[in-house]
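Engineer: build the 3D model from these lines:
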Amino acid sequence: MVPGARLIILGKQGAGKGTQCVRLSRHYVVPHISTGDMFRAAVKSRSELGAKAKEYMDTGELVPDEVVMGLVAERLGLDDTKARGFVLDGFPRTVHQAKGLAELLAPDEIDLVVNLEVPTEVVLRRLAGRRVCVDCGANYSVDSPPRLNWTCDICGGEVVQRQDDTEAAIRRRLDLYERETRPLVDWYAERDLLAEVEGVGDPDEITGGLVRVVDQRREHSLGRRV
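Structural biologist: You can find the predicted model right below:
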């Protein structure tokens, strides 16, 4: 395995993007860049950006593009990302954001865009049972809780249900996905950057499938450059 990769992971909320992005980040030794984590940190800090982001997050709405683009551009400009690559989780979510990202990165600076395919009924079940640490953002569920009384195994923070994981907010996010993000999948497919991977099943098998498609694309791209 050659370290370094530049990946974008797409999929409905609850598709398992966060879990798989963490695994890919470790496998390829690159930063995991999650816009969701960025926003939650801003909310916790009670900054002006955090207050603005919270209004949208609590109702399941998308945070405005200009806020997201500024955060992502700043993060992609750091030395670790420029030297090693990245796994982008939760960005871009719209074609407009993808075009903005294309202005920041050259075409060959994205190895692959992967869409995790998960049926809507599975997403609803997953998100209804999802729990998250308020301090570090670690994910748990009612089926896989932390070891001690809803206290995070990693940092000791409180593990709770997110405010935007109510059924009404979940359905709003799924509607937004179909309107805003589904066209993005087609946009990347038209540019020969997209791969589809089944997101239901054993997490290790899903990770293996992701690594295979990423490595195949990187080998193909390397062959074209030789």
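Engineer: from here on, contacts and neighbour counts on C-alpha atoms
Structural biologist: Noted.
Engineer: point out where the protein drops to low pLDDT.
Structural biologist: For the chain, the stretches with pLDDT under 70 are 1-3, 107, 221-226.
Engineer: domain map for it?
Structural biologist: As recorded under automatic domain parsing, the domains making up the chain are 5-118+167-225, 120-160.
Engineer: tell me the contacts of Glu61?
Structural biologist: Neighbour list for Glu61: Arg172, Arg173, Leu176 [criterion: C-alpha atoms under 8 Å, 6 or more residues apart in numbering].
Engineer: that one in helix, strand or coil?
Structural biologist: coil (DSSP: H, G, I helix; E, B strand; the rest coil).
Engineer: swap in Ile8?
Structural biologist: Strictly by three-state DSSP, Ile8 counts as strand.
Engineer: Val185 now?
Structural biologist: Going by three-state DSSP: Val185 is helix.
Engineer: how far out from the middle of the chain is stretch 44-64?
Structural biologist: 17 Å (C-alpha atoms, centre = their mean, to the nearest Å).
Engineer: swap in stretch 76-86?
Structural biologist: Worked out by C-alpha atoms, centre = their mean, stretch 76-86 lies 17 Å from the chain centre.
Engineer: what comes into contact with that stretch?
Structural biologist: Against stretch 76-86 from outside (C-alpha under 8 Å, 6+ apart): Pro3, Gly4, Ala5, Arg6, Leu7, Ser25, Val29, Val30, Pro31, His32, Ile33, Arg75.
Engineer: same thing with stretch 90-105?
Structural biologist: 8-10, 34-36, 65, 69, 73, 180-181, 183-184, 187.
Engineer: and if you look at stretch 7-23?
Structural biologist: With C-alpha under 8 Å, 6+ apart as the test, stretch 7-23 has contacts from 32, 34, 85-91, 93, 110-118, 123-124, 126-127, 173-174, 177, 185, 199, 203, 206-207.
Engineer: look up phi and psi at the spatially most central residue of the chain.
Structural biologist: With distances taken as C-alpha atoms, centre = their mean, Asp89 lies nearest the centre of the chain, 2.2 Å away. Backbone geometry at Asp89, expressed as degrees, to the nearest 10, gives phi -120, psi 110.
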